[in-house]
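*Asks:* A structural model of the following input is requested.
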Amino acid sequence: MTEKDGVNVDTAASSGDSENSSSCHQEQAGGASLLFEAKKFTEAVEILEKLEKEAANDRKIKLNLAVARFYAGGTSQDLYDNLYTIGRSGTSNDDTEDDEADGAVLTYNTAVVLYQRREFSAAAVLLSRVYKVIEAIEEGIARRICLLLLDLYLILYQPDNAFHVLQYLERLAGISNNSQGKTGGAPAGGGGRENPLSPGDEGSGGTSGADSGVADDGATAAVPSNTPTDVMKFQLHQYRGRLHIITRSLKACKREVKNALNLNNQSITALFLKSNFEYARRNYRKAIKLLNSCSTKEPQVSGQSLAVMYYNNLATIHLQMGKYALAELYCTKALEANEVEAGRVPGRIENTHAPLKTKVADHLCELLYVRGLACLFQQQPERAFGCLQAALPQFHRNPRAWQRLAECCVQKHALHIERMHRDGTGMYTTVGTAQHRKTLISSFDLPPPASSDDPMSLSVAVMYLNNALALLQPSLPVAGADAQSTVVAATVDSSPAPAQEAGGSVDAGHTSGGGDGGHGGPPVGAGLAGAATPTAAFALPGTCVSPVQDTDLAVIRCHVLINLAYAHLGTHNTYEALRYAQMVLGNASSVSTCPVALKYLAFLYSAECLIRQGRIPMAIQHLSPANISDMLASPDITGSRDADVEENGADTEASAAEVRQPTQAFAAETAKKTLLLNLTAAYCMTGAYDQGAHCLAQVGTLPRGTPAYRQATLLSVFIALNRGQHDVAMDVIERNKMPEVTLAP
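*Replies:* Residues are numbered from 1 along each chain as shown. Model (predicted):
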């Protein structure tokens with residue numbers, strides 16, 4: 001096996017193996033093979049071209065010539081075209097198992113090229129046809145085919161198919177462990193990897209995407225061992241560990257990681273895998289410690305850049321730890337290293353290794369996605385929007401990517417509303433003069449000035465959310481999900497919670513935003529936080545997207561619906577907003593595990609829509625605190641930790657401190673007070689001031705200076721004036737009067 005630009009290509013069997021070749025042809029073919037191994041590719045091409053003229057129908061000569069031309073300076077596209085032509089010329093009208101077995105080397109090489117071009121699905125389909133007749137293929141080639149197919153199934157998050165291939169490899173290793181390498185070439189796992197980024201988000205978080213655990217370096221790295229048996233054992237333990245991480249079988253994964261480290265405790269592959277395992281258990285400090293223990297002597301591991309993987313995983317971990325500025329810093333470093341490896345930016349002078357310049361090692365979109373999630377956490381919607389848009393070419397079939405883009409627009413709107421409340425801009429106007437001067441308070445929050453050129457308006461957010469909804473429809477289960485989820489209510493102080501998402505990283509797209517205390521806030525951070533159930537995982541559409549439990553898709557859909565309700569409410573389309581909010585409440589009634597935070601926001605948005613439509617009695621029913629009794633009964637509204645984490649626990653007390661539960665978006669008592677304030681306002685609109693005063697008395701104390709406190713103060717004055725208690729109203733005004741500011745002359 002030889003390597004160029006990170007592309008591993010099997011040179012196939014020598015044309016001298018043909019029984020019909022003359023002794024002269026055998027000598028020439030042997031000479032070409034020696035020249036190729038000596039990296040004298042031009043001389044090897046000349047000899048093979050002569051052999052091709054004499055044996056024009058020999059597919060092995062054509063295959064070796066195509067490979068030699070590639071190494072002599074050709075492009076991967078030329079190699080793919082030549083391999084495709086060779087395959088077409090040798091294909092009969094009726095494909096048989098014998099044809100598949102005879103063309104195994106050609107199929108393998110074609111799949112390797114597709115893999116390096118990131119066409120994982122096409123490569124998997126190609127190899128799956130050969131895998132059906134794997135018993136008829138020579139053992140060395142069969143092993144390479146299985147290793148590459150196993151990598152592809154792990155990348156595509158197909159654990160069932162990967163398990164069958166892994167079982168065959170174990171049987172193959174048990175049958176004969178000393179026959180590896182008979183036909184030249186290297187194990188196909190080189191260069192394979194699990195996705196680097198958990199969406200985001202946004203997500204994957206990603207991940208994960210979340211967003212999506214932390215990526216291991218994924219491929220079969222070389223293990224210093226004297227026997228092929230130990231090498232194969234190491235590969236199998238590594239693949240089993242990756243498979244168990246995907247299926248959330250952390251106990252089994254721990255056993256496989258331990259066995260791999262027993263074979264070689266200095267392998268970068270094994271250390272990255274153990275770091276991934278500790279990340280899945282939320283032992284973040286230990287995961288960082290393992291990453292820092294990796295040797296930097298090898299700048300590239302299995303066709304991947306070590307620097308890119310290292311900084312990406314650090315960004316993913318810090319995103320989950322809530323250190324969003326650090327996460328963005330490490331993601332920026334990963335982007336810089338990725339640009340060098342992709343050949344778009346010249347490397348530093350001290351860099352002695354050549355850049356990879358392969359598509360499979362270029363993780364620009366995944367890194368931009370994670371960076372976008374970090375910006376979204378830091379309430380920088382414009383920067384987050386730019387990063388997520390740049391990541392769309394790869395994540396355009398991922399519903400969570402569209403959701404995160406919409407959340408950027410929602411967060412921008414929420415921050416605008418927050419500034420309006422803080423500065424008083426647009427919240428009131430004055431009319432008349434002297435004793436006739438009056439202050440008119442705006443009835444509803446006004447959206448930011450809409451413009452056809454504004455790419456982050458709420459109308460654009462609706463379009464993005466409709467895209468996400470369309471992608472979720474085909475495989476949406478009706479049943480609920482045992483998911484942990486948080487959203488941010490804009491009426492209260494909130495801290496964003498980590499979540500899991502997109503492609504091999506975090507999908508941590510929870511962001512905090514502000515809004516009107518009277519009408520509830522935007523669901524700026526609707527996302528998943530690490531599913532815990534051991535059921536089968538489902539990979540959302542799109543490449544490099546970490547799997548979620550299939551039942552969690554219903555919860556993701558609820559997040560999209562609640563964002564749609566807010567976006568339509570912000571554009572004063574109350575009928576559509578009410579429809580989407582009622583859809584969330586319908587799911588909440590049929591799904592017992594629907595996040596109570598979404599249920600709470602759905603009641604708020606429904607009441608807001610009904611008030612704007614003049615249907616105040618129905619709005620009062622939605623604002624009753626009894627509707628969120630389940631939230632009040634359980635202060636932790638985001639759910640508990642993963643079952644696997646609780647079952648396995650932490651190794652040390654220091655690690656246990658890092659196994660933190662997701663930070664809840666808002667406290668249950670604060671949610672109750674928000675409902676009571678809105679209920680008070682609704683009673684005031686119907687003239688039921690006594691009932692309004694009773695509800696206001698139940699609110700209790702509020703932090704001074706917050707939007708909720710200002711709203712409660714205004715309601716107190718309004719109720720007192722309408723009940724004829726002018727002294728009480730003046731007392732409230734005096735106690736809350738802002739000190740006058742005297743300007744210096």
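*Asks:* how about the helices in the stretch 201-350 of the chain?
*Replies:* In the stretch 201-350 of the chain, helices defined by DSSP state H, counting those that start in this stretch lie at 228-246, 250-263, 268-280, 284-292, 306-320, 324-341, listed in chain order.
*Asks:* so which of those helices comes closest to L392?
*Replies:* Of all those, helix 324-341 sits nearest to L392, with 16.5 Å by CB to CB. For every residue, glycine as well, the C-beta is placed using N, CA and C.
*Asks:* thinking again about what came up before, out of the helices of the stretch 201-350 of the chain, nearest to V45?
*Replies:* helix 324-341 (28.4 Å).
*Asks:* relative to helix 306-320, how tilted is that closest one?
*Replies:* If you take axes from the mean of the first three to the mean of the last three CA atoms, to 10 degrees, helix 324-341 sits at 160 degrees to helix 306-320.
*Asks:* could I get the pLDDT score of F70?
*Replies:* Predicted confidence (pLDDT) at F70: the value is 86.
*Asks:* quick check: it touching Y80?
*Replies:* No - when contacts are counted by CB atoms under 8 Å, F70 is not listed as touching Y80 (9.5 Å).
*Asks:* need the overlap of contacts for the two.
*Replies:* Counting by CB atoms under 8 Å, 6 or more residues apart in numbering, no residue touches both F70 and Y80.
*Asks:* what about the two, which has more around it?
*Replies:* Each of F70 and Y80 has its neighbours counted (other CB atoms under 10 Å); F70 has more, 24 against 19.
*Asks:* quick one: residues contacting the closest residue to that one other than its chain neighbours.
*Replies:* Among residues not flanking F70 along the chain, L79 sits closest, at 4.2 Å (CB to CB, 6 or more residues apart in numbering). Each residue near L79 by CB under 8 Å, 6+ apart is listed here: 9, 66-67, 69-70, 113.
*Asks:* would you turn those into a markdown table with secondary structure?
*Replies:* Shown next, in a markdown table, are these (DSSP: H, G, I helix; E, B strand; the rest coil):
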| residue | secondary structure |
| --- | --- |
| V9 | strand |
| A66 | helix |
| V67 | helix |
| R69 | helix |
| F70 | helix |
| V113 | helix |
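*Asks:* out of those, who's nearest G31?
*Replies:* So of the contacts of L79, ranked by how close each gets to G31 (CB to CB), first place is V67, at 16.1 Å.
*Asks:* okay, strands next: where are they in this structure?
*Replies:* 2-4, 7-9, 300-301, 304-305, 428-431, 438-441, 485-486, 527-528, 537-539, 547-549 (DSSP state E).
*Asks:* what packs against the fourth one?
*Replies:* Here strand 304-305 touches helix 324-341, going by 3 or more CB pairs under 8 Å, 6 or more residues apart in numbering; DSSP states H and E.
*Asks:* so where's the stretch 1-150 of the chain shaky on pLDDT?
*Replies:* For the stretch 1-150 of the chain, the stretches flagged by pLDDT under 70 are 1-22, 90-102.
*Asks:* please redo it, this time with the cut-off set to 80
*Replies:* 1-26, 54-59, 74-76, 87-102 (pLDDT under 80).
*Asks:* what are the boundaries of the helices in it?
*Replies:* Using DSSP H, counting those that start in this stretch, the helices found in the stretch 1-150 of the chain span residues 23-37, 41-54, 59-71, 76-89, 97-102, 104-116, 120-131, 139-155.
*Asks:* how about TSV for those, with distance to T674 added?
*Replies:* Shown next, in TSV, are the helices of the stretch 1-150 of the chain (distance: least, CB to CB, whole Å):
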stretch	distance to T674
helix 23-37	73
helix 41-54	71
helix 59-71	65
helix 76-89	58
helix 97-102	65
helix 104-116	52
helix 120-131	47
helix 139-155	45
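*Asks:* could you find the closest non-adjacent residue to A122?
*Replies:* L114 (5.1 Å).
*Asks:* I figured that neighbour hits A123, correct?
*Replies:* Yes - counting by CB under 8 Å, L114 touches A123, with 3.8 Å between them.
*Asks:* so which of those two has more stuff around it?
*Replies:* A123 (26 against 23).
*Asks:* now do the contacts for that one.
*Replies:* By CB under 8 Å, 6+ apart, A123 lies in contact with 111-112, 114-115, 148, 152.
*Asks:* where do the helices sit along the stretch 551-700 of the chain?
*Replies:* 553-570, 574-590, 596-612, 616-622, 629-633, 643-648, 653-658, 668-686, 689-699.
*Asks:* and the second one with helix 553-570, angle?
*Replies:* This means helix 574-590. Going by the same axes, to 10 degrees, helix 574-590 makes 150 degrees with helix 553-570.
*Asks:* for helix 574-590, packing partners?
*Replies:* Using 3+ CB pairs under 8 Å, 6+ apart, helix 574-590 sits against helix 553-570, helix 596-612.
*Asks:* adding mean pLDDT as columns, could you present these in JSON lines?
*Replies:* Formatted as JSON lines, the helices and strands packed on helix 574-590 follow (pLDDT from 0 to 100):
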{"stretch": "helix 553-570", "mean pLDDT": "90"}
{"stretch": "helix 596-612", "mean pLDDT": "91"}
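*Asks:* just to revisit the earlier point, for the contacts of L79, name the two members farthest from one another.
*Replies:* R69 and V113 (13.3 Å).
*Asks:* do you know which of the helices of the stretch 201-350 of the chain lies nearest K40?
*Replies:* Of the helices of the stretch 201-350 of the chain, nearest to K40 by CB to CB is helix 324-341, at 27.6 Å.
*Asks:* Y709 reaches L702, doesn't it?
*Replies:* Yes - counting by CB under 8 Å, Y709 touches L702, with 4.3 Å between them.
*Asks:* for the longest helix seen in the chain, buried residues please.
*Replies:* For the chain, the longest helix by residue count, based on DSSP state H, is helix 399-423. Within helix 399-423, the residues that count as buried by 16 or more other CB atoms under 10 Å are 399-418, 420-421.
*Asks:* shared neighbours, L114 and A123?
*Replies:* Counting by CB under 8 Å, 6+ apart, nothing touches both L114 and A123.
*Asks:* low-confidence ranges, the stretch 401-550 of the chain, go.
*Replies:* Looking at the stretch 401-550 of the chain by pLDDT under 80, you get 420-430, 434-435, 439-453, 473-550.
*Asks:* hmm, 90 instead?
*Replies:* Applying pLDDT under 90 to the stretch 401-550 of the chain flags the ranges 414, 416-455, 471-550.
*Asks:* on that earlier part again, any idea how far the residue nearest to F70 is from T110?
*Replies:* For L79, the distance to T110 (CB to CB, to the nearest Å) stands at 9 Å.
*Asks:* just K233 next, same as before
*Replies:* Separation of K233 from T110 (CB to CB): 29 Å.
*Asks:* got it, and E418?
*Replies:* In terms of CB to CB, E418 sits 56 Å off from T110.
*Asks:* then G692?
*Replies:* Distance from G692 to T110, by CB to CB: 74 Å.
*Asks:* and if you look at A307?
*Replies:* Noted for A307: a distance of 31 Å to T110, by CB to CB.
*Asks:* more neighbours, the two?
*Replies:* T110 (22 against 19).
*Asks:* give the contact list for the more buried one.
*Replies:* Contacts of T110 (CB under 8 Å, 6+ apart): 80, 83-84, 87, 126.
*Asks:* on that earlier part again, let's have the helices of the stretch 551-700 of the chain in CSV, adding mean neighbour count and distance to H318.
*Replies:* CSV is the format used below for the helices of the stretch 551-700 of the chain (neighbours: other CB atoms under 10 Å; distance: least, CB to CB, whole Å):
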stretch, mean neighbour count, distance to H318
helix 553-570, 27, 24
helix 574-590, 19, 32
helix 596-612, 26, 25
helix 616-622, 18, 40
helix 629-633, 14, 30
helix 643-648, 16, 19
helix 653-658, 14, 12
helix 668-686, 22, 28
helix 689-699, 18, 38
